[in-house]
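J.: need a structure here:
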Amino acid sequence: MLNYLWGAMLIIGIVYAAFSGNLGAMGDGLLDASKEAIDLCVVMLGVVGFWNGLMEIAKDAGLIDKLTKAIKPILRFLFPGVPEGDPVQEDIATNMIANMLGLGWAATPSGLKAMQGLERLKQLGGAYGADAASNDMCMFLIINISSLQLIPMNMIAYRSQYGSVSSTVIVGPALIATGVSTLAAVLFGLARQRLYSDSGG
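T.: Sure, this is the predicted structure:
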């Protein structure tokens with residue numbers, strides 16, 4: 001559907017530019033935007049590569065394991081359907097830690113693994129249909145969407161790329177905004193857990 005929407009907008013833009021005599025300006029804009037997109041990709045490649053590498057080092061050094069153990073009480077509270085010691089706990093913890101550091105791209109692989117693990121647990125439990133999501137899956141998804149960020153690295157990189165005088169000034173407002181959104185997400189998830197028990201509601 002999105003492909004059709006983007007295609008329609010491009011065609012409408014080209015037709016409008018042709019009829020309004022701005023076809024040349026549109027071509028210049030396309031070239032400028034393409035150059036800007038490449039520059040931004042190069043900057044983000046460095047940022048993402050650095051933090052992805054740092055996350056791998058943290059894993060190999062056992063830091064992720066220690067952080068997982070530290071937040072186990074929170075994980076047990078948020079995800080009551082995940083058995084103690086299941087590998088999915090580490091995937092959930094890794095994803096949450098990466099999101100807290102504002103590394104959405106670094107969080108994606110662990111997020112996919114975590115959702116696969118939660119799907120496995122759902123099938124083992126047998127309480128839900130094939131197309132239904134468990135309470136833990138819903139909680140994990142909504143926490144990811146709310147995305148608490150202690151250090152919004154991607155946003156800092158964007159602001160730096162576009163010449164911000166103080167690219168880190170966003171840290172405080174981002175922490176407040178994502179803190180509120182995450183609190184709302186957790187409350188919503190807990191309310192859903194009360195409404196729909198793991199009997200497959």
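J.: the helices in this protein, which residues?
T.: Ranges of helices in the chain, per DSSP state H, are 2-19, 23-60, 63-70, 72-78, 88-100, 104-125, 135-146, 153-161, 171-195.
J.: hey, least reliable of those helices by pLDDT?
T.: Lowest mean pLDDT of the helices of the chain: helix 153-161, a mean of 75.
J.: for the residue most central in space within the chain, give its distance to Leu148.
T.: In the chain, the centroid-proximal residue (CA atoms, centre = their mean) is Gly104; its distance is 4.3 Å. As defined by CB to CB, to the nearest Å, Gly104 lies at a distance of 12 Å from Leu148. Bear in mind the C-beta positions are built from the backbone N, C-alpha and C, glycine included.
J.: please apply the same query to Ile176.
T.: 11 Å.
J.: these two: who's more crowded?
T.: Leu148 (20 against 10; other CB atoms under 10 Å).
J.: contact partners for the more buried one?
T.: 96, 99-100, 178-179, 181-182 (CB atoms under 8 Å, 6 or more residues apart in numbering).
J.: mind putting those in a markdown table, distance to Val15 and neighbour count included?
T.: Below are those laid out as a markdown table (distance: CB to CB, whole Å; neighbours: other CB atoms under 10 Å):
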| residue | distance to Val15 | neighbour count |
| --- | --- | --- |
| Met96 | 47 | 26 |
| Asn99 | 42 | 24 |
| Met100 | 46 | 18 |
| Thr178 | 41 | 20 |
| Gly179 | 46 | 14 |
| Ser181 | 40 | 17 |
| Thr182 | 44 | 21 |
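J.: can you redo these as TSV with distance to Gly29?
T.: As requested, the contacts of Leu148 are arranged in TSV below (distance: CB to CB, whole Å):
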residue	distance to Gly29
Met96	40
Asn99	34
Met100	37
Thr178	33
Gly179	38
Ser181	34
Thr182	38
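J.: Ala132 versus Pro173, what's the distance?
T.: For Pro173, the distance to Ala132 - CB to CB - is 37 Å.
J.: neighbour count winner among the two?
T.: Ala132 (13 against 10).
J.: look at the more buried one and report its pLDDT.
T.: 77.
J.: give me every residue that touches Lys69.
T.: Counting by CB under 8 Å, 6+ apart, there are no residues that Lys69 touches.
J.: how close does it get to Leu63?
T.: Lys69 is 11 Å from Leu63, by CB to CB.
J.: go on, Gly27?
T.: Taken as CB to CB, the span from Gly27 to Leu63 is 50 Å.
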